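K.L.:
sequence unknown, structure follows:
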């Protein structure tokens, strides 16, 4: 049975890396001694090694060891044999490019479908949707496709940000960008605010954390969804 | 001789469409009766017709007529025969996709190289750089390539936004995103604030407007460039 934690962000304001999620992760990964970390999105170009070292520190607090996917010769086999998987944030274009270049986009989807517990944050959450087309990231590299894991039947906008009503900046707001996506695409988009996450258990999707999430659908007024609500109907 | 006005935004806070640029445009397009408008980026999915109508209203103030590229059977010939060209803002992924689909990316570059005066705003400015990889837009459509017109020897980040030091949002700042670009690319990036524009005359590039622009180069500390300074050395 599919088991995912899909987090808007790894770090909330004033907190440390993953700290707000650790109690949840302790339960989510309760049958895993070791977590396989996919460091491909590497924020700011941090090395795979350094990124994995940071993640190792966080998971040590719940007594899990961490190995980075880059440490292994055969990424396909490594994913298939893993006990639990975490894909960290960074740049979604880079992450998706690397998943395709290593031929693991499909195998990662299959492995998680088959029940290996998965954690995503930010870019690592973005890829659980149907496409990466509602990322906030800069296109720093050209991926072979925008299609992603499709582990949930809609798209995500992590780090969802409400419009700043005091701003004099004329660039598009996040909501405007998502509406632009819906001028050309029908896929629903869930704006997941920082500190929120989705808990996926089989076909059941639940909004967790203390904040509402904003649901955008083509040709409809966006709506706010309450914490603990069942989102399994969104498709 | 190449003649371009490359604007960060079409509209400054409190202003109307293109109004702050009209005196500049009156001179820039002084030998044109009619402007060819490329509406492909169509912000928020506005129709080509409606977008062109808005542009027509603005240019009527300086006695120019406007026709939209979508009104013509043969876009290649239309671009080659045009007196002056304006590419409006909106979504850069959409704009670039449409330029490639209509086989006019190269012909547009050649035509402007040969001296047809060009105006770009926002997405229409982004494409004057080497690639669209420092756009702020959402990847709502998958373009055949990220390469763009290369009319200037660097990349732009229009609507450049300084970090909000009061923000509790943990998403990347604009500067962080551009640094991420430089983890993988050597092309210099000019952050052009709203109200600023570049004036290109042959090989000479001058920063116009009242604000400084922020220059990002790989492995270097960003620097602020003064209005009226010559940017021709950036490559």
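P.N.:
Great, that's in hand. All of these numbers come straight from a predicted model, not from anything done at the bench.
K.L.:
For the longest helix along chain A, which outside residues touch it?
P.N.:
Among the elements of type helix in chain A, defined by DSSP state H, the one spanning the most residues is helix A:48-60. Here helix A:48-60 makes contact (Cβ atoms under 8 Å, 6 or more residues apart in numbering or on different chains) with A:16-19, A:22, A:25, A:35, A:37, A:39-40, A:42-43, A:65-68, A:70-71, A:86, A:88, A:90. Every residue, glycine included, has its C-beta placed from N, CA and C.
K.L.:
cutoff 7 Å now
P.N.:
Contacts of helix A:48-60 with the rest of the structure, by Cβ atoms under 7 Å, 6 or more residues apart in numbering or on different chains, involve A:17, A:18, A:35, A:37, A:39, A:42, A:66, A:68, A:70, A:86, A:88.
K.L.:
Report the spatially closest residue to the first one, excluding sequence-adjacent ones.
P.N.:
Spatial nearest neighbour of residue A:17, chain neighbours left out: residue A:58 (4.8 Å); criterion: Cβ to Cβ, 6 or more residues apart in numbering or on different chains.
K.L.:
Report pLDDT for residue A:164.
P.N.:
Predicted confidence (pLDDT) at residue A:164: the value is 80.
K.L.:
Show me what from chain A comes close to chain B.
P.N.:
Within chain A, the positions adjacent to chain B are A:9, A:11-13, A:44-45, A:91, A:132-136, A:138-142, A:146, A:159, A:161, A:168-171, A:176-177, A:179-181, A:183-185, A:194 by Cβ under 7 Å from any Cβ of the partner chain.
K.L.:
Just the buried ones from these, in ChimeraX syntax?
P.N.:
Of those, the buried ones go into a single ChimeraX selection, burial set by 16 or more other Cβ atoms under 10 Å in any protein chain shown:
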select /A:9,11,12,45,91,132,133,134,135,136,138,139,140,141,142,146,159,161,169,170,171,177,179,180,181,183,185,194
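K.L.:
Now, the residues of chain A next to chain B that are in helices?
P.N.:
Among these, the members found in helices (DSSP H) are A:176, A:177, A:179, A:180, A:181.
K.L.:
can you name the farthest residue from the center of chain A?
P.N.:
In chain A, counting by Cα atoms, centre = their mean, residue A:168 sits farthest out from the average C-alpha position, at 30.9 Å.
K.L.:
what about residue A:217, how many neighbours?
P.N.:
Residue A:217 is surrounded by 15 other residues when neighbours are defined as other Cβ atoms under 10 Å in any protein chain shown.
K.L.:
My understanding was that it contacts residue A:187; is that so?
P.N.:
No - no contact is recorded between residue A:217 and residue A:187 when judged using Cβ atoms under 7 Å, the distance being 9.1 Å.
K.L.:
Excluding sequence neighbours, find me the nearest residue to residue A:94.
P.N.:
With Cβ to Cβ, 6+ apart as the criterion, residue A:94 has its nearest non-adjacent residue at 5.3 Å, and that residue is residue A:141.
K.L.:
Now do the same contact list for the residue nearest to the spatial centre of chain A.
P.N.:
Centroid-nearest residue in chain A: residue A:125, 0.8 Å away (criterion: Cα atoms, centre = their mean). Neighbouring residues of residue A:125 by Cβ under 7 Å, 6+ apart: A:6, A:7, A:8, A:156, A:158.
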